[in-house]
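K.L.:
missing the sequence, but the structure's below:
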């Protein structure tokens, strides 16, 4: 099981995720989760897990793009 993310980490991800590296589904997910976070200041375990996955995938996509230049 993935360790729960701190509020600070969630804030960091939502503030710094680069949307140009995301699929349309991921963009919609991040938008939805951001709105939910602003209202409730909490995310379910499933939301946290998927947000972490989207964050890591977006950072890997950025790294691959830079390496291809």
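P.N.:
Received the coordinates, thanks. Here the structure is a predicted model, which is why all the values come from computation and not from measurement.

K.L.:
use CA for all of it now, contacts and neighbours both
P.N.:
OK.

K.L.:
Counting neighbours, which bits of the helix or strand residue 9 falls within end up buried?
P.N.:
Under the criterion of DSSP states H and E, residue 9 resides in helix 7-16. Buried residues in helix 7-16, defined by neighbour count with 16 or more other Cα atoms under 10 Å: 10, 13, 14.

K.L.:
Next, the buried residues of whatever helix or strand residue 46 lives in.
P.N.:
If you go by DSSP H and E, residue 46 is part of helix 45-68. Residues 48, 49, 51, 52, 54, 55, 58, 59 are the ones in helix 45-68 that count as buried (16+ other Cα under 10 Å).

K.L.:
which one of those is nearest residue 18?
P.N.:
Set against residue 18, the nearest of those by Cα to Cα is residue 58 (7.1 Å).

K.L.:
in this structure, what spans have low per-residue confidence?
P.N.:
1-2, 62-69 (pLDDT under 70).

K.L.:
and which of the buried residues of helix 7-16 is nearest residue 44?
P.N.:
Proximity of the buried residues of helix 7-16 to residue 44 (Cα to Cα) peaks at residue 10, which lies at 11.8 Å.

K.L.:
and the angle for the helix or strand that the helix holding residue 9 is followed by with helix 7-16?
P.N.:
Following helix 7-16 in sequence order, the next helix or strand is helix 24-40 (DSSP H and E). Between the axes of helix 24-40 and helix 7-16, defined by axes from the mean of the first three to the mean of the last three Cα atoms, to 10 degrees, the angle is 130 degrees.
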